[in-house]
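[1] Sharing a model prediction with you, sequence too.
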Amino acid sequence: MILYGRQDISPQDIAAVVEVLNSDFLTQGPRVPAFEQAICDLTQATHAVAVNSATSALHIACLALGVGAGDLVWTSPITFVASANCALYCGAEVDFVDVEPTTGNMSPAALKAKLETAQTRGRLPKVIIPVHLAGHSCDMKTIGALARQYGVSLVEDASHSVGGTYDGDRIGACSYSDITVFSFHPVKIITTAEGGVATTNDARLAEKMALYRSHGITKAVEKLQRPDEGPWYYEQQELGFNYRMTELQAALGLSQLDRLQTFVEIRNRLAESYRSALTGSAVKTVDPLAGSLSAYHLQIVRLPDPAKRRAVFEKMQADGIQVHVHYFPVHLQPYYLGLGFKEGDFPDAEAFYRKIMTLPLHPGIKVKEVDYIVECLLTHVST
């Protein structure tokens, strides 16, 4: 089976983890701060807060921005459910902004219209979470300008995008947002097994996120609210969580970062092979914005006939090709239907979903396998 995504673990990665296993610290040691600094060096963001998953990072990002009961958070309906759930964890309400029909990313035009209506109704969101689907950056310049105009905070869900660029900056630099979140799940660009990080240029937000990731506890003398009772003393100042990244995860992440550029280059070469092979056919690739560099977490294509997708999907699987679909619209999940959403609420997202399929893309894929995948796909689409 040609897998749609998988981790790439080297002997150096294994050695880095074994070194931690033989050390004094399996958690709360020096590797996590080193990994955070490496992420800052990569993205040019001022602060990075490493956690045990991107879901945790999204949650503490919302908390740090003050999201709570009575607030509203908007995100994309074409994403993994965590992009929306993070707001619900805070007691807020969630709504969605429709997507661009060809990219699946948040539509600036739809966002502008929705913000205008929301302002008229006196119900603006507190936070907007655009999602960089497949590693392709959203139009953050336009989205950022709209957020500033309406006084709304921005969190980039860049779970697919570490190593990518937009408008000359690394994704994660927070040039247009308050916070950016990355994921290091095994099928992502680099992995820490499970793990995530939030970057920001705001020291106050970084401090809050660091507090929330570890039970809301601090030992910093200058932050204590009661008299210091001794070297053992700590205070819980917020209702936080155990979202810490372990030393094992951070060591793996540090080692993987050494190959990040190589991984991104390989993914882009494979994506170009797909694009070239499909040019002129009825199958269309989902491509990044001009002038940006996608990390290419996913190779998504749009099929010409939505009615045939399931048959094509099953035939591809029978050919030994693990295709996938990213994503079923969040607002149509049973839980969200229970919140009052319904089919037809976001027509472009629903139409995009009905056409898409994810093809295998990871550093272990060979060009000859791309040729085989495309040959099978075009055969099944045309029959």
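    Noted; the coordinates are in hand. Residues are numbered from 1 along each chain as shown.

[2] and the spatially most central residue of the chain, which of the three is it?
    Computing the C-alpha centroid of the chain and ranking residues by Cα atoms, centre = their mean puts residue 159 first, at 1.8 Å. Under DSSP: H, G, I helix; E, B strand; the rest coil, residue 159 falls in the coil class.

[3] Just the pLDDT for it.
    At residue 159, the pLDDT value in this model is 98.

[4] if I read this right, it contacts residue 182, doesn't it?
    Yes - the pair residue 159 / residue 182 is scored as a contact, 6.3 Å apart, by Cβ atoms under 8 Å. Using the backbone N, CA and C atoms, a C-beta is placed for each residue, glycine as well.

[5] quick one: common contacting residues for these two?
    In terms of Cβ atoms under 8 Å, 6 or more residues apart in numbering, residue 159 and residue 182 are both contacted by the residues 54, 188, 196.

[6] List the ones among these that fall in strands.
    Secondary structure defined by DSSP state E assigns residue 196 of the shared contacts of residue 159 and residue 182 to strands.

[7] now the helices: where do they sit in the stretch 51-200 of the chain?
    54-64, 82-89, 108-121, 140-150 (DSSP state H, counting those that start in this stretch).

[8] tell me the contacts of residue 147?
    Per Cβ under 8 Å, 6+ apart, neighbours of residue 147: 128, 153, 154, 176, 177.

[9] which residues of the protein fall in strands?
    Under DSSP E, the chain gives strands at 47-51, 72-75, 93-96, 127-129, 153-157, 165-166, 169-170, 179-183, 196-200, 217-218, 235-236, 284-285, 299-302, 356-359.

[10] In JSON lines, list those along with mean neighbour count and distance to residue 64.
    What follows is the strands of the chain, written out as JSON lines (neighbours: other Cβ atoms under 10 Å; distance: least, Cβ to Cβ, whole Å):
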{"stretch": "strand 47-51", "mean neighbour count": "27", "distance to residue 64": "9"}
{"stretch": "strand 72-75", "mean neighbour count": "24", "distance to residue 64": "13"}
{"stretch": "strand 93-96", "mean neighbour count": "21", "distance to residue 64": "18"}
{"stretch": "strand 127-129", "mean neighbour count": "27", "distance to residue 64": "10"}
{"stretch": "strand 153-157", "mean neighbour count": "27", "distance to residue 64": "9"}
{"stretch": "strand 165-166", "mean neighbour count": "23", "distance to residue 64": "23"}
{"stretch": "strand 169-170", "mean neighbour count": "19", "distance to residue 64": "21"}
{"stretch": "strand 179-183", "mean neighbour count": "31", "distance to residue 64": "7"}
{"stretch": "strand 196-200", "mean neighbour count": "30", "distance to residue 64": "8"}
{"stretch": "strand 217-218", "mean neighbour count": "16", "distance to residue 64": "15"}
{"stretch": "strand 235-236", "mean neighbour count": "14", "distance to residue 64": "17"}
{"stretch": "strand 284-285", "mean neighbour count": "18", "distance to residue 64": "37"}
{"stretch": "strand 299-302", "mean neighbour count": "23", "distance to residue 64": "31"}
{"stretch": "strand 356-359", "mean neighbour count": "23", "distance to residue 64": "32"}
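
[11] Now tabulate these in TSV and tack on distance to residue 228.
    Shown next, in TSV, are the strands of the chain (distance: least, Cβ to Cβ, whole Å):
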stretch	distance to residue 228
strand 47-51	25
strand 72-75	38
strand 93-96	41
strand 127-129	35
strand 153-157	34
strand 165-166	45
strand 169-170	40
strand 179-183	31
strand 196-200	29
strand 217-218	12
strand 235-236	10
strand 284-285	60
strand 299-302	54
strand 356-359	54
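
[12] Select the longest helix from this protein.
    Using DSSP state H, we find that the single longest helix of the chain is helix 260-278.

[13] Next, the buried residues of it.
    260, 263, 264, 266, 267, 268, 270, 271, 273, 274, 277, 278 (16 or more other Cβ atoms under 10 Å).

[14] And the helices of the stretch 51-200 of the chain: which comes nearest residue 312?
    Nearest of the helices of the stretch 51-200 of the chain to residue 312, taken as Cβ to Cβ: helix 82-89 at 27.4 Å.
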